[in-house]
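Asker: for reference, the sequence and a predicted model appear below.
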Amino acid sequence: MPRGVGSLVAFLSVPYLIRLIGARRVLAIGIAISMTALWMMAHFNLQMTAAPIMTSGVIQGFGTGLLFAPLNALSYVSLNPIHRTEGTIVATMARSLGSSLGISMMSATLVSDSALAHARLADRINCGDPVLWAAVPGPLNPCNGSLAAFNGEVTRQAAMIGYDTIFAWMALFTVLLLPLLLLMRPPPAAQVMAVETAAAE
């Protein structure tokens, strides 16, 4: 819900922002805001409340709304109306393939990073370490035979490390989109109204 609220505010703001600062600047702001939300998500931890999730969700929704609305509008500004049907098909196909590829890559990376974090955490367990005996409660202490419970806690922390790593990588990839804005030509003055209308729709 927080992400949806942020997106709604962004969609309502896009036509006015395009009129004031131009579509490419709106896209740049959207990318920056999305990157900020992803960087906040890269600092999630197991002790946090729901507040960071809701805050980053609103910010991410707002950034995504600023990102996709003008991008969809600018995609067809210089396209001949005769070819807009084909353009829509190609754009939708590219977005679907990109989403599927991205989700698959992130899922595989999450599993790999979580397994690596689990191995590194478990590798530091030493039953002769007095810090372990002092810090780990009796029911979770692996040296008392509670391996299953302790492994569950290690797995939980390793999964959190994996998610944080994924969000950090996503923030980095989002920043790398900024130079691509230089390849986009702003619409002619006569077509600015068309962009605003398409963004509003």
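Answerer: Structure's in. What do you need? From a predicted model like this one, the values you see are computed outputs, not experimental measurements.

Asker: for the rest of this, base every contact and every neighbour count on C-alpha atoms.
Answerer: Will do.

Asker: show me where pLDDT drops low in the protein?
Answerer: For the chain, the stretches with pLDDT under 70 are 73, 77, 126-148, 185-201.

Asker: would you point out which residue is most central in it?
Answerer: residue 38 (4.9 Å; CA atoms, centre = their mean).

Asker: okay, and it sits in which element?
Answerer: Residue 38 is located in helix 23-41, with elements delineated by DSSP states H and E.

Asker: likewise for residue 99?
Answerer: Going by DSSP H and E, residue 99 is in helix 84-123.

Asker: now do that helix: which elements does it pack against?
Answerer: Using 3 or more CA pairs under 8 Å, 6 or more residues apart in numbering; DSSP states H and E as the contact definition, the elements that helix 84-123 packs against are helix 147-175.

Asker: so how far is the helix it packs on off the chain centroid?
Answerer: Relative to its parent chain, helix 147-175 has a centroid offset of 15 Å by CA atoms, centre = their mean, to the nearest Å.

Asker: so that helix versus helix 23-41, what angle?
Answerer: 160 degrees (axes from the mean of the first three to the mean of the last three CA atoms, to 10 degrees).

Asker: quick one, helix 147-175 and helix 84-123 angle?
Answerer: Using the same axes, to 10 degrees: helix 147-175 against helix 84-123 is 140 degrees.

Asker: buried residues in helix 147-175, which are they?
Answerer: Using 16 or more other CA atoms under 10 Å as the test for burial, helix 147-175 gives 150-151, 154-155, 157-171, 174-175.

Asker: name the helices or strands packed onto that helix?
Answerer: Packing partners of helix 147-175 (3+ CA pairs under 8 Å, 6+ apart): helix 23-41, helix 84-123.

Asker: what's the shortest one packed up against?
Answerer: Spelled out, that is helix 23-41. helix 2-21, helix 51-74, helix 147-175.
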